[in-house]
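Q: Sequence and predicted structure are below.
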Amino acid sequence: MGSYNGYCWGRRLSVGCRSTFRARCFFVAAILLACAALAHASATLLLEEPYGKLGFFTATGHAAVYLSNVCADSPTHLRRCNPGETGIVISRYEGMDYDWLAVPLLPYLYAVEKPEDVPLVADTKLVAFLRDRYRRDHLEAIAPDSADGETPAGHWNQLVGSAYDRNIYGFTIETTSAQDAALIEHLNSSPNQPHFHLLTNNCADFAKSIINFYYPKSLHRSLIADLGITTPKQLAKRMVKFDARNPELASSRIVIPQVPGSMARSSTAHGVVESFFTSKKYIVPSAIFSPIFAGSVFAVYVATGADTFTPDKNARVLDPDGDSDQPLSSADRKQYQKRLKSFLKESGAATPADDLVRECGKLESKSHWDLDDSGAPVFEIPFEGRLVRVGATADNIMDLNTPPQLIRELLVARLQSELRQSRPKNGLSRAAVARDWRLLQQAQRAIADSDAGIKLVSSQTSMRASVGSGP
């Protein structure tokens, strides 16, 4: 018999046996980790809210699919994930030279490669800076520099930093290793040529094809609610119904909130008829010139339940580190609001009228974005006649000898913005708010320590002056 079943297992281990035992333990652990990874394989339909100037069809938002056990050697070639990798987001984009493109999850959401580098707040300068840095490192093949060596124009920026532009809702269903392998083979072996068409072959059509590859005929378009056009919201509604009909398949919902800052907030995703009905510039003239048509639109709106679908219902909040957290309850939100109000009154930090949009607007007009020694974003801003560096992330905001008053001002503005937001209702993470509150208290202690040091120096100076002027 081998040593595993004999001496090494039942008696005190010799040096050789201990080595053999450790090796086998490592092997077993590796197998268990691999099995755990396979057991948690999943496909997540991402319903992404629209942003910017909305037209008749652009109010429907964007659709993509996150595959937890599928990774990529490049944006156009898929493979199985290695241990520690978190999968890719794959979608179809207008104006690109490919039918589909795949980007790792974290860069897709935040345009960074490490969770600790996700900024606390974002403005247009920072988002452009992070996106272009990631493009230069990983996307040059599909979005090369312009002729003058600068950032190119085009739709490539949709590939990274999506959470800076909008709220995102995820509808997850379990998959298998065999399904993942089949999809990889299918996409890698098929021509990856552009097929985008807004009405017949859009991003939602591609997302539908991916989910239907795993579970045939699970998703389909609506001829009534969307006039036969595939929309992200229709897919999400069908995904919820599919989950309800197949309880043996593990399913869940997540919400990825838009990063706070001065970026314009995204809007609720609608279907086609819903977009028409909820837009005054469309429905009001219709009601005046064709009441029958407007009434028909209203009937479709009500009959299809467009106003009853809540994408963040029972959803957990996905943090940048990949963990999901329970959303902050209404009672906890009110409690934090009271604590912040008391903090502002006692510390004189800022008035409740100050908000994050105004604060980020001031920073954006004066700041220059850079990276610290670890590659995390920082910004440089004039403060009291000198240029200071301020960390932009939870990990580096207290590490750069920044005046604590400036840090406190930024954290107060972020907390006010978080606690005031009403949508998504379940989009505020308990862990994120608790972390921000700890950072605010840390900044306040730094201010107190600084004030105490100034008073001590002033006192010592006065004593020396008093001694020097004695008889």
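A: That came through, no problem.

Q: Look at stretch 259-269 and report the distance between its end residues.
A: Across stretch 259-269, the terminal residues are separated by 18 Å (CA to CA, to the nearest Å).

Q: That should have said stretch 50-59, apologies.
A: One end of stretch 50-59 sits 6 Å from the other (CA to CA).

Q: Can you report phi and psi for D73?
A: phi -80, psi -30 (degrees, to the nearest 10).

Q: N188 versus that one, what's the distance?
A: According to CB to CB, to the nearest Å, D73 stands 10 Å off from N188. Glycine gets a C-beta too; all of them are placed from N, C-alpha and C.

Q: do G61 as well
A: The gap separating G61 from N188 is 28 Å, by CB to CB.

Q: what do you get for G375?
A: For G375, the distance to N188 (CB to CB) stands at 31 Å.

Q: just F171 next, same as before
A: F171 sits 26 Å away from N188, going by CB to CB.

Q: quick one: least confident helix or strand in this protein?
A: In the chain, the helix or strand scored least confidently by mean pLDDT, DSSP states H and E is helix 7-10, which has a mean of 32.

Q: got the domain boundaries for this protein?
A: Listed domain ranges for the chain are 7-37, 40-271+306-318, 329-457 (source: automatic domain parsing).

Q: Can I get those domains in CSV including mean neighbour count and distance to P291?
A: Converted to CSV, the domains of the chain look like this (neighbours: other CB atoms under 10 Å; distance: least, CB to CB, whole Å):
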stretch, mean neighbour count, distance to P291
domain 7-37, 12, 58
domain 40-271+306-318, 19, 20
domain 329-457, 16, 32
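
Q: ranges for the helices of the stretch 51-200 of the chain?
A: Ranges of helices in the stretch 51-200 of the chain, per DSSP state H, counting those that start in this stretch, are 105-110, 124-134, 162-165, 177-189.

Q: Which other helices and strands does the helix or strand encompassing L235 contact?
A: For L235, the host element (DSSP states H and E) is helix 232-245. Contact here means 3 or more CB pairs under 8 Å, 6 or more residues apart in numbering; DSSP states H and E; on that basis helix 232-245 packs against strand 42-48, strand 62-67, strand 168-174, helix 203-214.

Q: how about a markdown table for those, with distance to D243 and mean pLDDT added?
A: Listed next are those as a markdown table, based on distance: least, CB to CB, whole Å; pLDDT from 0 to 100:
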| stretch | distance to D243 | mean pLDDT |
| --- | --- | --- |
| strand 42-48 | 10 | 97 |
| strand 62-67 | 15 | 97 |
| strand 168-174 | 6 | 97 |
| helix 203-214 | 11 | 98 |
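
Q: Select, out of these, the one closest to K241.
A: For K241, the closest of the helices and strands packed on helix 232-245 is strand 168-174, at 10.6 Å, according to CB to CB.

Q: what sits against the closest residue to A432 other than its chain neighbours?
A: Leaving aside its sequence neighbours, A432 sits nearest to D319 (CB to CB, 6 or more residues apart in numbering; 6.8 Å). For D319, the contact set (CB atoms under 8 Å, 6 or more residues apart in numbering) comprises 115, 325, 429, 431-432.

Q: For A392, see how far away D319 is.
A: 17 Å.

Q: Ok, Q234 next?
A: Distance from Q234 to A392, by CB to CB: 38 Å.

Q: got it, and S146?
A: The gap separating S146 from A392 is 27 Å, by CB to CB.

Q: So which residues of the stretch 1-150 of the chain form strands?
A: Along the stretch 1-150 of the chain, counting by DSSP state E, counting those that start in this stretch, strands occupy 42-48, 62-67, 70-74, 77-80, 88-91, 101-104.

Q: helices or strands next to the last one in the packing?
A: For strand 101-104, the packing partners by 3+ CB pairs under 8 Å, 6+ apart come out as strand 70-74, strand 88-91.

Q: give me phi/psi at R420?
A: The phi and psi values for R420, taken as degrees, to the nearest 10, are phi -90, psi -20.

Q: Show the low-confidence segments of the stretch 51-200 of the chain, by residue range.
A: Scanning the stretch 51-200 of the chain for pLDDT under 70 picks out 54-58.
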